[in-house]
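Asks: Return a 3D structure for these sequence lines:
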Amino acid sequence: MSGAGMDYRYCPMCAAPLIERPDTGEGGKLRLACPDGHWTHWDNPLPVLAALVEVGGRILLARNAAWPEKMFALITGFMERGETPEQGVARELKEETSLDADEISLIGVYEFIRKNEVIIAYHVKASGEIRLSEELVDYRLIAPEKLRPWRAGTGYAMADWLRARGLPVEFMEFQPPAASN
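Replies: Sure thing, here's the model as predicted:
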């Protein structure tokens, strides 16, 4: 899910090779730009939507096909042009799980600097029958008090959601896989 890795080499207006040059308005921050000033690559962070999905009082965590077997996380996706973040999170939920978003409330906004993203996290009360998209291979429904957040963007959103409900926050510590014989 990384749209941040785009490699720009040429100006989209005149096809001149881009150069790194200091941005006059921002204390000389280096930016890729057209030597003739047609275009600047700002490389701004992308907004990512995340849903902490509650179904029948339990929290849905899903596993992406590309992830290790024991790794489950929130439903996430990018916004599309012309939709609000709330519409986007409802659409992603429908596309990835077939569930309907009944209530959507903001948990908070979290940095994910490593991937040049900003996470907008919502608590989504959902209903319907869970049917996963091809992107997801498995899911778990977990009682809120059994959730163990992780120390990264969406994990901090989960921790804030738990704290707001007076539930204990015990961060999961990732163990490196044991060496195979």
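Asks: Got the domain ranges for the protein?
Replies: Annotated domains of the chain cover 9-43, 46-164 [automatic domain parsing].
Asks: Lowest average pLDDT across these?
Replies: For the domains of the chain, mean pLDDT drops lowest on domain 9-43, to a mean of 90.
Asks: Endpoints of that one, how far apart?
Replies: Chord length of domain 9-43, first to last residue, is 13 Å (C-alpha to C-alpha, to the nearest Å).
Asks: now swap in stretch 86-105 and tell me
Replies: Start-to-end, stretch 86-105 (C-alpha to C-alpha) is 8 Å.
Asks: quick one: what helix or strand has the residue nearest the centre of the chain in it?
Replies: Nearest to the mean C-alpha position of the chain, by C-alpha atoms, centre = their mean, lies Val48 at 4.3 Å. Using DSSP states H and E, Val48 maps to strand 46-55.
Asks: Show me what that strand is packed against.
Replies: strand 58-64, strand 75-78, helix 85-97, strand 100-112, strand 117-127, helix 153-164 (3 or more C-beta pairs under 8 Å, 6 or more residues apart in numbering; DSSP states H and E). Using the backbone N, CA and C atoms, a C-beta is placed for each residue, glycine as well.
Asks: Buried residues, it. List them.
Replies: Going by neighbour count (16 or more other C-beta atoms under 10 Å), the buried part of strand 46-55 is 46, 48-55.
Asks: from the middle of its chain, how far away would that strand be?
Replies: 7 Å (C-alpha atoms, centre = their mean, to the nearest Å).
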